[in-house]
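Student: Just need the structure, nothing else, for what follows:
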Amino acid sequence: MRTALFLLFLLALAAMPGALLPQRSLNPAKITEYRQQHPWLGPLLDRLGFFDVFASPWFAAIYLLLFVSLIGCLLPRNLDYVKASRARPVATPRNLFRLPHHASARIDGSPEDALGQVRARLRGWRVREEPDGAGGYTVSAEKGYLREAGNLVFHLALVGLLVGFAVGKLFGYEGQVIVLTGGNQFCNSGILGYDSFTAGNLVDGTSLNPFCVKVDTFDAQYLPNGQPEHYEASIGYQAGADLAAGASGPWRPYALKVNSPLRVAGDRVYLLGHGYAPTFTVTFPDGTARTQTIQWKPADQTTMLSEGATKFDRPGLPDEASRRRNQIAVTGLLAPTSSGGKVITSVFPAPLHPEVAVDVLRGDLGLDDGRGQSIFEVSQAQLESGALKRVARQNLFEGDQVRLDDGTTVRFDNVTQWVDLQISHDPAEKFVLVFAVLILLGLGTSLTIKRRRFWARIRPADPVSEPGRTVMEIGGLARTDQAGYGEEFARLRAALLGSGAVDMSENTDEPRPDGTRDRGGSA
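Tutor: Numbers count the residues shown, from 1 in each chain. Below you'll find the predicted structure:
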């Protein structure tokens, strides 16, 4: 147990860097910024795994050692509890007056009558009765065995919870994807359909649970100050036989809300957020046109002012070099409710009066150099080298257009909303829930139930001076430090001994029935 407590403290200490330092799984950009600000300390912390605390070998080692230590503690404790639960209550002590709670009285009736009263009052207790060989009886009773059971359930459930988390990390996965409204779809057929995907250690992404989601509409309600009040996406989904039926399969409707995920095919689909995607149409001098609707990312979550880049390839060019020289990108800001003026901003998150402030760039976007490129921005290296140049800058409302020097026109058509979905798969989630409930039940049981013992010694009084009477001595002991047993013992004393009881719960100089006196102190 001492080792387990030390490892638990060590685990909490090891988790502190995960809360104080940026973590690669959450924000890689923050790690780059931290390394730049701390050129000596940053790389050292990175090599030691402090930016991936919960995936580091040393954290896993502490975790596994704690797991082994808990099992090592629980096995003997379970065996001891099984033995204790089958054992009889301990025999009545010779001197009950050394117990924290004790009293005695002479009562009317025979020892058998007194024994019957004790039996009646100790229903629900585990009782042991024995004759004392002199016409009397001793009674031992114990209650509160479930306290230790609750303690064991708590620790066993904690082990189960750790196992559940481990199974979830091994066989679970989680991914995010942006889907445009208006009937656009996402199918969970492989990792290539995701914008970002985090797989468990034993998941290769080839055997995902198949289902499809179609996003029809998205409704966002805001308070007058722009604070979001309600998000809801109207979606349809297909799984199982509906998906196997192909194009003829029905779409089952569902109202996807922030705190109401869709559970389908063993996965959960969450609504994380939303944003806007402007639609631009580029018409080239030869009359060919290209229309694209690409999501832009919110730069201000309060007003949903968004930024992004929509990129076009010019069709019909004779060679690859000409195609690269004539690529077009529309970059800038989108204000769902524009403030108007030359420098625009958004004054409300809903699309009440959309306007874009765009820069139109022409040249080589660097899309074919083999390196990844964000869909939300153009390559700064291409701009700095002069391979990509700005050819126009203008503010556009819906339906407005800008004409370039070669006759190409760029028109801002409208704004479409998109939703950010998260798909999570955790095969152990139900087990984690069960173990979490068991932890609460076990902890509540161990904190509320008191382990206590009660003894009674019954013997006949002097048949000459007190015929037909019985001497009863009782004592009690709480096996925990919790308060409350004194009140229970007082009720038992009043019921068994009545008002004639001599309360010896405090050290006094009153004579005991055996003629001895208590001169102070405690056993």
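Student: Strands of the stretch 51-200 of the chain, start to end?
Tutor: 101-108, 126-131, 137-143, 173-180, 184-187, 196-199 (DSSP state E, counting those that start in this stretch).
Student: which non-adjacent residue is nearest Arg77?
Tutor: The spatial neighbour of Arg77 that comes closest, neighbours along the chain excluded (CB to CB, 6 or more residues apart in numbering), is Leu152 at 6.3 Å. Where you see a C-beta, it was placed from the backbone N, CA and C, and this is true even at glycine.
Student: wait, isn't that neighbour in contact with Leu75?
Tutor: No: counting by CB atoms under 8 Å, Leu152 sits too far from Leu75 to count as a contact (10.7 Å).
Student: ok, how many other residues are close to the closest residue to Thr337 other than its chain neighbours?
Tutor: Spatial nearest neighbour of Thr337, excluding adjacent residues (CB to CB, 6+ apart): Phe348 at 3.9 Å. Other residues within reach of Phe348 by the criterion other CB atoms under 10 Å amount to 19.
Student: which of the strands of the stretch 51-200 of the chain is buried the deepest?
Tutor: strand 137-143 (a mean of 21; mean count of other CB atoms under 10 Å).
Student: tell me the angle that strand makes with strand 126-131.
Tutor: Angle, strand 137-143 to strand 126-131, by axes from the mean of the first three to the mean of the last three CA atoms, to 10 degrees: 170 degrees.
Student: So what's the residue count around Ala461?
Tutor: For Ala461, the neighbour count with other CB under 10 Å is 18.
Student: go on, the one 3 residues further on?
Tutor: Around Val464 sit 6 other residues, with neighbours defined as other CB under 10 Å.
Student: can you pull up the bridge partners for Glu307?
Tutor: Beta-bridge pairing of Glu307 under DSSP bridges involves Lys297, Leu333.
Student: isn't it right up against Phe376?
Tutor: Yes: here Glu307 reaches Phe376: they are 7.0 Å apart, a contact under CB under 8 Å.
Student: Mind listing the shared neighbours of the two?
Tutor: 296-297 (CB atoms under 8 Å, 6 or more residues apart in numbering).
Student: how long is stretch 457-473 end to end?
Tutor: End-to-end distance for stretch 457-473, by CA to CA, to the nearest Å: 5 Å.
Student: Show me what counts as buried in it.
Tutor: Using 16 or more other CB atoms under 10 Å as the test for burial, stretch 457-473 gives 457-461, 469-473.
Student: What residues of stretch 287-298 count as buried?
Tutor: Quick answer for stretch 287-298 (16+ other CB under 10 Å): 293-296, 298.
Student: Can you tell me what sits against that stretch?
Tutor: Identification of contacts with stretch 287-298 by CB under 8 Å, 6+ apart yields 178, 180, 273, 275-284, 304-313, 315-316, 334, 375-376, 413, 416, 418.
Student: related to what we said a few turns ago, okay, Leu152 and Leu75: which has more neighbours?
Tutor: Under the criterion of other CB under 10 Å, the comparison of Leu152 against Leu75 puts Leu152 first, with 18 against 10.
Student: May I have the residues that are in contact with that one?
Tutor: Leu152 touches 74, 77-78, 81, 442, counting by CB under 8 Å, 6+ apart.
Student: and the residues you listed, which are buried?
Tutor: Looks like those have 74, 77, 81, 442 buried, using 16+ other CB under 10 Å.
Student: Tabulate those (a markdown table), appending pLDDT and distance to Ala141.
Tutor: Converted to a markdown table, those look like this (pLDDT from 0 to 100; distance: CB to CB, whole Å):
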| residue | pLDDT | distance to Ala141 |
| --- | --- | --- |
| Leu74 | 86 | 28 |
| Arg77 | 87 | 24 |
| Tyr81 | 85 | 19 |
| Gly442 | 93 | 25 |
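Student: Quickly list what Ser338 is bridged to.
Tutor: Applying DSSP bridges, one finds that Ser338 bridges with Ser346.
Student: I'd say it and Ile344 touch.
Tutor: Yes: judged on CB under 8 Å, Ser338 makes contact with Ile344 at a distance of 5.1 Å.
Student: re earlier: just the buried residues of the contacts of stretch 287-298.
Tutor: 178, 180, 273, 275-280, 282-284, 304-312, 334, 413, 416, 418.
Student: so Gln36, which of the three states?
Tutor: On the three-state scheme (DSSP: H, G, I helix; E, B strand; the rest coil), Gln36 is labelled helix.
Student: What's the separation between it and Asn414?
Tutor: Separation of Gln36 from Asn414 (CB to CB, to the nearest Å) stands at 41 Å.
Student: How about Thr310?
Tutor: 13 Å.
Student: next one: Asn259
Tutor: 31 Å.
Student: again with Lys83
Tutor: 76 Å.
Student: Looking at these two, which one has more neighbours?
Tutor: Asn414 (13 against 9).
Student: how about low-confidence regions in this protein?
Tutor: Low-confidence segments of the chain (pLDDT under 70): 479-484, 499-523.
Student: biggest helix in it, by residue count?
Tutor: helix 57-86 (DSSP state H).
Student: Report all helices and strands that it contacts.
Tutor: With contacts taken as 3 or more CB pairs under 8 Å, 6 or more residues apart in numbering; DSSP states H and E, helix 57-86 sits against helix 2-20, helix 146-171.
Student: buried sites along it?
Tutor: Going by 16+ other CB under 10 Å, helix 57-86 has these buried residues: 59, 62-63, 65-67, 69-70, 73-74, 77, 81.
Student: Ok, stretch 4-20 next?
Tutor: Under 16+ other CB under 10 Å, the buried positions of stretch 4-20 are 4, 7, 14, 17-18.
Student: sorry, back to before: of the buried residues of stretch 287-298, closest to Asp359?
Tutor: Closest approach to Asp359 among the buried residues of stretch 287-298 (CB to CB): Trp296, at 13.6 Å.
Student: List the contacts of the nearest residue to that closest one once chain neighbours are set aside.
Tutor: Ranked by CB to CB, 6+ apart and with sequence neighbours excluded, the top spatial neighbour of Trp296 is Gly308, at 2.9 Å. With contact taken as CB under 8 Å, 6+ apart, Gly308 is in contact with 278, 294-297, 331, 334, 375-377.
Student: Tabulate those residues (a markdown table), appending distance to Gln401.
Tutor: Listed next are those as a markdown table, based on distance: CB to CB, whole Å:
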| residue | distance to Gln401 |
| --- | --- |
| Pro278 | 13 |
| Ile294 | 18 |
| Gln295 | 22 |
| Trp296 | 19 |
| Lys297 | 24 |
| Thr331 | 16 |
| Leu334 | 16 |
| Ile375 | 23 |
| Phe376 | 23 |
| Glu377 | 23 |
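Student: Ser338 and Ile344: which has the busier surroundings?
Tutor: Remark: of Ser338 and Ile344, Ser338 carries more neighbours, 22 against 18, as counted by other CB under 10 Å.
Student: Would you tell me what helix or strand Thr291 is located in?
Tutor: Using DSSP states H and E, Thr291 sits in strand 289-293.
Student: quick one: the strands in the stretch 351-500 of the chain?
Tutor: 355-363, 388-397, 401-403, 409-425, 452-460, 469-478.
Student: now the fourth one, how far from the centre of its chain.
Tutor: Read it as strand 409-425. Mean-position distance between strand 409-425 and its chain equals 29 Å (CA atoms, centre = their mean, to the nearest Å).
Student: Now Gln401: closest residue in space that isn't a chain neighbour?
Tutor: That would be Arg411: by CB to CB, 6+ apart, it lies 3.8 Å from Gln401.
Student: ugh, wrong one, Gly150
Tutor: Using CB to CB, 6+ apart, the nearest residue to Gly150 is Thr445, at 2.8 Å.
Student: Tyr145 is in contact with that neighbour, correct?
Tutor: No: with contact defined as CB under 8 Å, Thr445 does not reach Tyr145; the gap is 10.9 Å.
Student: Among these two, which residue is more densely surrounded?
Tutor: Thr445 (18 against 14).
Student: hey, C-alpha coordinates of the helix or strand hosting Gly275 in CSV?
Tutor: Element membership for Gly275, per DSSP H and E: strand 267-283. What follows is strand 267-283, C-alpha atoms only, in CSV (Å, rounded to 0.1, in the frame of the first residue of the first chain):
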residue,chain,number,x,y,z
ASP,A,267,-19.1,5.2,-33.3
ARG,A,268,-20.1,8.6,-31.9
VAL,A,269,-20.5,11.7,-34.2
TYR,A,270,-20.1,15.0,-32.3
LEU,A,271,-20.9,18.5,-33.5
LEU,A,272,-17.8,20.6,-32.6
GLY,A,273,-18.3,23.9,-34.4
HIS,A,274,-19.2,25.6,-37.6
GLY,A,275,-18.0,28.3,-40.0
TYR,A,276,-18.4,29.8,-43.4
ALA,A,277,-17.3,28.9,-46.9
PRO,A,278,-17.5,31.6,-49.6
THR,A,279,-18.3,30.6,-53.2
PHE,A,280,-16.2,32.2,-55.9
THR,A,281,-16.6,31.9,-59.7
VAL,A,282,-13.6,32.7,-61.8
THR,A,283,-14.3,33.3,-65.5
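Student: That'll do, ta.
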